[in-house]
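Enquirer: I'll drop the sequence and a predicted model, then ask my questions.
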Amino acid sequence: MKLLDKIKKKIRNSSDSTDISLSTINELFFNNQANTGGPDISEITYFTCLKTLAESIGKMPLYLMDENKNRIMNHDVMQLFNVQPNQYMTPIQFFTYLEYCRNHYGNAYAYIAMNGGKFIGIYPLDPRRIEIWVNNTEEFTRRSFYYRYMDARNGNSYWFLPDEIIHVKSWITGDSGLSGKSVREILATNMAGSKASQKFLNDLYQKGLTANAVVKYVGDLSKEKQSMLLSRIEEQARENGRRIITLPIGFDIQTLDLKLTDSQFYELKKYNALQIAAAFGIKPNNLNDYSKSSYANSSAQNLSFYVDTLLYNITLYEQELNRKLLTRKEQNDGLEFKFNVKVILRGDPTQQADVLQKLVSTSIYSPNDARRQLDIPPTKGGDVHIVNGSYVALQDIGIAYRGNKGGENS
């Protein structure tokens, strides 16, 4: 405890972790929805973007490669990433949750548990319970920082060094660069408008598309009687399944014809959805908008999604895992983590067969390498690389014709 007290005296809370964010406001005003991620996640475009990004990272296997691009299977950390990072999660659930937190809260944290120099587990932490504390020294290059985690169950606080925490953040960060900011904090106005439009539609469906009406009568009514009359009509409209309303003698009701097309409601809602998706790097076809695409060019769309969106996210994870889970010696020996992006770049069976055939015929793949891509067991003698017999090395081009010069002259 004395050591922690000394640390507390020498460090101050980072400005990144003390800003009032949209997620904090949501937790204050929508506490009953905290377990579902707050009200923002109920917006369909936002939810689809989170789902697409999180599942894209989660479904890619993670490999540990040496400098010759051979997979290393006997490293103790690979037991965690191949079977279970902890007793609560599978690898796909672990990375899906990290990517969800990174996008929804701006930061994703995981504690690296070790025993005797060996990895025994990696445990994700709730980003809402994390604070980053920075050393309050004069020289900015010597300011170290620490992570403080507050357990919601027992109320205890835990202090971690940077090497003990896997921290992946969004691309936009605070002034110090220590913590990220979520897209929903930046696009709070767009998110509010999108949720308001959906609420408007929900109310319209519940009350009927011709819910707005004008009550006409002859004479004069006090405000109290007007309120009583309107309350009675609304009550009948809600409770009467036959949608029949009784009116006093001399009263008439006229519905207002509400046309969403007149206000271009659909176009505005679609435009707002595309703006939110663009902020995440999500293509329209991921939102089931195929107005400018088709299934025929799905391979090109997957490649575009990988290059424009996922490549940055994948590199973010790979670099963080390399510096936190590999020793300096392992890094110098060329070891590195790599996600297998082929699972998202696979085309249809015809395209895949054509690619594998070209790779085998040009001796880039052996037949067994191609069989592994198709999850087919290797065959005997299939590890031999084959190539067309007419191929020759560049330095040997023309050798076959040099001995024929004399015959041609004779």
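Expert: Okay, I see it.
Enquirer: model confidence over the helix or strand harbouring T48, on average?
Expert: Assigned by DSSP states H and E, T48 falls within helix 44-58. Helix 44-58 carries an average pLDDT of 92.
Enquirer: same question for stretch 135-144.
Expert: When pLDDT is averaged along stretch 135-144, the result is 79.
Enquirer: cool, stretch 360-375 as well?
Expert: In this model, stretch 360-375 has a mean pLDDT of 88.
Enquirer: now swap in stretch 270-289 and tell me
Expert: Mean pLDDT, computed over stretch 270-289, is 83.
Enquirer: buried sites along it?
Expert: Buried residues in stretch 270-289, counted by 16 or more other C-beta atoms under 10 Å: 270, 272-274, 276-277, 279-287. C-beta: built from backbone N, CA, C; applies to glycine.
Enquirer: now stretch 152-169
Expert: Under the neighbour-count criterion of 16+ other C-beta under 10 Å, stretch 152-169 has 160, 164-169 buried.
Enquirer: in a markdown table, list these along with secondary structure and distance to S231.
Expert: Output for these, formatted as a markdown table (DSSP: H, G, I helix; E, B strand; the rest coil; distance: C-beta to C-beta, whole Å):
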| residue | secondary structure | distance to S231 |
| --- | --- | --- |
| F160 | strand | 58 |
| E164 | helix | 61 |
| I165 | strand | 57 |
| I166 | strand | 58 |
| H167 | strand | 55 |
| V168 | strand | 54 |
| K169 | strand | 52 |
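Enquirer: tell me if Y158 really is in a strand.
Expert: Yes. Assessed by DSSP: H, G, I helix; E, B strand; the rest coil, Y158 belongs to a strand.
Enquirer: beta partners of it?
Expert: Judged by DSSP bridges, the bridge partners of Y158 are Y149.
Enquirer: residues contacting it?
Expert: Residues in contact with Y158, defined by C-beta atoms under 8 Å, 6 or more residues apart in numbering, are 148-151.
Enquirer: ok, it to N103 distance?
Expert: According to C-beta to C-beta, to the nearest Å, Y158 stands 25 Å off from N103.
Enquirer: again, but for V215
Expert: V215 sits at a distance of 49 Å from N103 (criterion: C-beta to C-beta).
Enquirer: for T90, see how far away the residue nearest to F160 when sequence neighbours are not counted is.
Expert: Counting by C-beta to C-beta, 6 or more residues apart in numbering, the nearest residue to F160 once its immediate chain neighbours are dropped is Y147, at 4.3 Å. Per C-beta to C-beta, Y147 is found 25 Å from T90.
Enquirer: between the two, which one's more packed in?
Expert: Taking other C-beta atoms under 10 Å, Y147 and T90 do not tie; Y147 has more neighbours (21 against 14).
Enquirer: mind listing what the most centrally placed residue in the chain touches?
Expert: The centre of the chain sits closest to L53, judged by C-alpha atoms, centre = their mean, with a distance of 2.8 Å. Counting by C-beta under 8 Å, 6+ apart, L53 touches 99, 103, 280, 282, 309, 313.
Enquirer: now distance to S42 too, for those residues, in a markdown table please.
Expert: A markdown table is the format used below for these (distance: C-beta to C-beta, whole Å):
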| residue | distance to S42 |
| --- | --- |
| E99 | 19 |
| N103 | 16 |
| F280 | 17 |
| I282 | 18 |
| T309 | 23 |
| N313 | 24 |
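Enquirer: from those, which two are the most distant?
Expert: Put simply, by C-beta to C-beta the two of the contacts of L53 set farthest apart are E99 and I282, 13.2 Å from each other.
Enquirer: mind showing which ranges of the stretch 301-410 of the chain have poor pLDDT?
Expert: Applying pLDDT under 70 to the stretch 301-410 of the chain flags residues 347, 400, 403-410.
Enquirer: can you count the residues close to I172?
Expert: When neighbours are counted by other C-beta under 10 Å, I172 registers 12.
Enquirer: quick one: the nearest residue to it once chain neighbours are set aside from N103, how far?
Expert: Distances taken as C-beta to C-beta, 6+ apart place K181 nearest to I172, at 5.1 Å, with adjacent residues excluded. Plainly put, K181 is 11 Å away from N103 if you go by C-beta to C-beta.
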